[in-house]
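Colleague: Have a look; sequence and predicted model below, questions after that.
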Amino acid sequence: MTAVFDQTCAPLARVSGDDLHVPLVQGGTCTYANFDYAASAPALAQVTDRVQRLLPYYASVHRGAGYASRISTECYEAARGSVARFLDATDDQVVVFTRNTTDSLNLLAACVPGDTVVLDVEHHANFLPWERRGRRVVTAADTVDETVRRVVAELCAKPAALLAITGASNVTGEVLPLARLAEIAHQCGARILVDAAQLAPHRRISLRECGIDYLAFSGHKLYAPFGSGVLVGNRDWLDAAPPYLAGGGAVREVRVDGTEWAPAPQRHEAGSPNVLGVAALAAACDALADIDADRAIAHERLLAERLRDGLCAIPGVRLPRIWSDSPDTVGIVAFTLDGFAPGEVAAYLSAEHGIGVRDGRFCAHPLLARLGLDGALRASIGLGTSSTDVDRLISAIAALVHDGPSWNYTRTDGLWNPSPETRPFTGVDGDGATPCLIG
């Protein structure tokens, strides 16, 4: 069974792995179809190019007189400007480099001088850090409007220092009205933090226009590997808080009887920083800023609508939603298939069709519980996705429903795998289709 659509859509940008061939359990190989962008997006070509140019000059940053160290330092500090421009940050907001969104939010949690209000739909990264810092949880309603009213009621009932909110759900892709929530938070005497891990790769964000006080995202979801993240926000809380890590680079002066700490951002960047990760992150910000925003949204919406329509036409497929009136949805599609465990479907797609999706509870256990799901599948779209990829996924799910899998699948230690597993994973030289990963 093949889905047929009138309009084709090519990838919008070159990404690493766009010509990757993967083995199939039944033999042979096929081009990999990546629908796992929401977990980790492949690197943009501009990102890998910049990292390759920097590698010969890679050195420890700050206080190094050597030419390579000077180049690395210039690149590292210039990256703050790339991030600030990408987010349209205000002049008094600082850019702190971290490991990822989780790291950024834990850093900010130690700086907040009071309670934090969160929704029960958050990713664990924006739910768990506030648990020890006066977390107050608002149960999301079935509509965005009613959810906002509940947030207002909570902020008015008792003063809070911060409203911590997702930019886009990592499960359903639904987007909240951030400018409206920022205005509400400020009227109630609170600041707002946006977890933009899933929003930043899909939508341009202006901290200045939206009135956002703090924002965090991860490089690995923004087409920038090498493990860097960022926290951007107002300086005063960051300057007043103890250093996130105590160590070199975070100080102005160290004495036996006391320490004079540096202001932010250095205050929270102790130790040798991830120079290549930061360079990759800055390159991704610059590359995304050069892509026409309207064109990127049109590309994503065409593919997402194609995927949703195709899946909804298959018997037994269900697409959960949090709200019935979401103002926008990014290219993330969660779905379930009657009669099949999500992990089994994901294993089938990978083993028999060379398609990568995510399955499980997506580090959002409270949200899955309120949706009445023990788990689901998630297909996420990015700049390297094409309509051909979407049609392959729809056709593979339709074939599963119509004919069933052609291979056996068993669950061991909670993981579904084909039985027998015929695909090589490590230690294979072969003909280049599968790399030698060890030895």
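Modeller: Great, that's in hand. Quick caveat, the model's predicted, so the values are computed rather than measured. Residues are numbered from 1 along each chain as shown.
Colleague: Can you name the residues that contact H299?
Modeller: Going by C-beta atoms under 8 Å, 6 or more residues apart in numbering, H299 touches C9, L12, L383. Quick note: C-beta positions are derived from backbone N, CA and C, even for glycine.
Colleague: can you put these in JSON lines and add distance to A110?
Modeller: Shown next, in JSON lines, are the contacts of H299 (distance: C-beta to C-beta, whole Å):
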{"residue": "C9", "distance to A110": "44"}
{"residue": "L12", "distance to A110": "39"}
{"residue": "L383", "distance to A110": "35"}
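Colleague: low-confidence ranges in the stretch 301-439 of the chain?
Modeller: Counting by pLDDT under 70, the stretch 301-439 of the chain shows low-confidence ranges at 427-439.
Colleague: Quick one: the strands in it, in order.
Modeller: 317-318, 328-329, 332-337, 355-356, 358-360, 376-380, 408-412, 415-419 (DSSP state E, counting those that start in this stretch).
Colleague: Go ahead and name everything in contact with the fifth one.
Modeller: Strand 358-360 has contacts (C-beta under 8 Å, 6+ apart) with 35-36, 38-39, 342-343, 345-346, 375-380.
Colleague: one more time with 7 Å, if that's ok
Modeller: With contact meaning C-beta atoms under 7 Å, 6 or more residues apart in numbering, strand 358-360 is reached by D36, A38, A39, P342, G343, A346, G375, L377, R378.
Colleague: what does the first one give?
Modeller: Outside of strand 317-318, the residues that reach it under the criterion C-beta under 7 Å, 6+ apart are L311, F335, T336, L337, I397.
Colleague: Counting neighbours, which of those comes out on top?
Modeller: I397 (28 neighbours; other C-beta atoms under 10 Å).
Colleague: Quick check: it vs E344, distance?
Modeller: Counting by C-beta to C-beta, to the nearest Å, the gap from I397 to E344 is 12 Å.
Colleague: quick revisit: please pick the buried ones from the contacts of strand 358-360.
Modeller: D36, A38, A39, P342, G343, A346, L377, R378 (16 or more other C-beta atoms under 10 Å).
Colleague: Can you pick out the most distant pair from those?
Modeller: Greatest spatial distance among the buried ones among the contacts of strand 358-360 (C-beta to C-beta): A38 and G343, at 17.1 Å.
Colleague: could you list every residue that touches L302?
Modeller: Q7, C9.
Colleague: V254 now?
Modeller: Contacts of V254 (C-beta under 7 Å, 6+ apart): none.
Colleague: can you give me how far the helix or strand in which it is found is from the chain middle?
Modeller: For V254, the host element (DSSP states H and E) is strand 251-255. The chain centroid and the centroid of strand 251-255 are separated by 36 Å under C-alpha atoms, centre = their mean, to the nearest Å.
Colleague: strands paired with that strand, and their directions?
Modeller: In the sheet, strand 251-255 lines up against strand 258-261 (antiparallel) (DSSP bridges).
Colleague: now could you export just the CA positions of the partner strand as CSV?
Modeller: Only the C-alpha atoms of strand 258-261 are listed here, as CSV (Å, rounded to 0.1, in the frame of the first residue of the first chain):
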residue,chain,number,x,y,z
GLY,A,258,38.2,33.8,50.3
THR,A,259,37.4,34.0,46.6
GLU,A,260,36.2,36.9,44.4
TRP,A,261,34.0,35.4,41.8
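Colleague: gap between it and the chain center?
Modeller: Taking mean C-alpha positions (C-alpha atoms, centre = their mean), strand 258-261 and its chain are 36 Å apart.
Colleague: average pLDDT across it?
Modeller: For strand 258-261, the mean per-residue pLDDT is 96.
Colleague: what comes up buried for that strand?
Modeller: Per 16+ other C-beta under 10 Å, strand 258-261 contains these buried residues: W261.
Colleague: What are the contacting residues of it?
Modeller: By C-beta under 7 Å, 6+ apart, strand 258-261 touches P243, A250, V251, R252, E253, R267.
Colleague: are any of those residues buried, and which?
Modeller: P243, A250, V251, R267.
Colleague: For the residue nearest to the first one when sequence neighbours are not counted, which residues are in contact?
Modeller: In space, P243 comes closest to A250 once its chain neighbours are excluded; the distance is 4.6 Å by C-beta to C-beta, 6 or more residues apart in numbering. If a contact means C-beta under 7 Å, 6+ apart, then A250 has P243, W261, A262, Q266, R267, H268, E269, A270 as its contacts.
Colleague: from those residues, which is closest to A280?
Modeller: Once C-beta to C-beta is applied, the member of these that ends up nearest A280 is E269, at 16.7 Å.
Colleague: isn't that closest one right up against T98?
Modeller: No: the criterion here is C-beta atoms under 7 Å, and E269 misses it with T98 at 8.3 Å.
Colleague: out of those two, which sits in the busier spot?
Modeller: Per other C-beta under 10 Å, whichever of E269 and T98 has more neighbours is T98, with 27 against 24.
Colleague: Quick check: beta-bridge partners of that one?
Modeller: Where T98 sits in a bridge, its partners, by DSSP bridges, are G229.
Colleague: how near is it to V330?
Modeller: For T98, the distance to V330 - C-beta to C-beta - is 23 Å.
Colleague: any idea how far L367 is from G271?
Modeller: For L367 relative to G271 (C-beta to C-beta), the value is 34 Å.
Colleague: next one: A347
Modeller: 40 Å.
Colleague: Compare neighbour counts for these two and give me the winner.
Modeller: A347 (24 against 11).
Colleague: can you count the residues close to the residue nearest to that one when sequence neighbours are not counted?
Modeller: Leaving aside its chain neighbours, A347 sits nearest to W416 (4.0 Å; criterion: C-beta to C-beta, 6+ apart). Applying other C-beta under 10 Å, we find 20 residues neighbouring W416.
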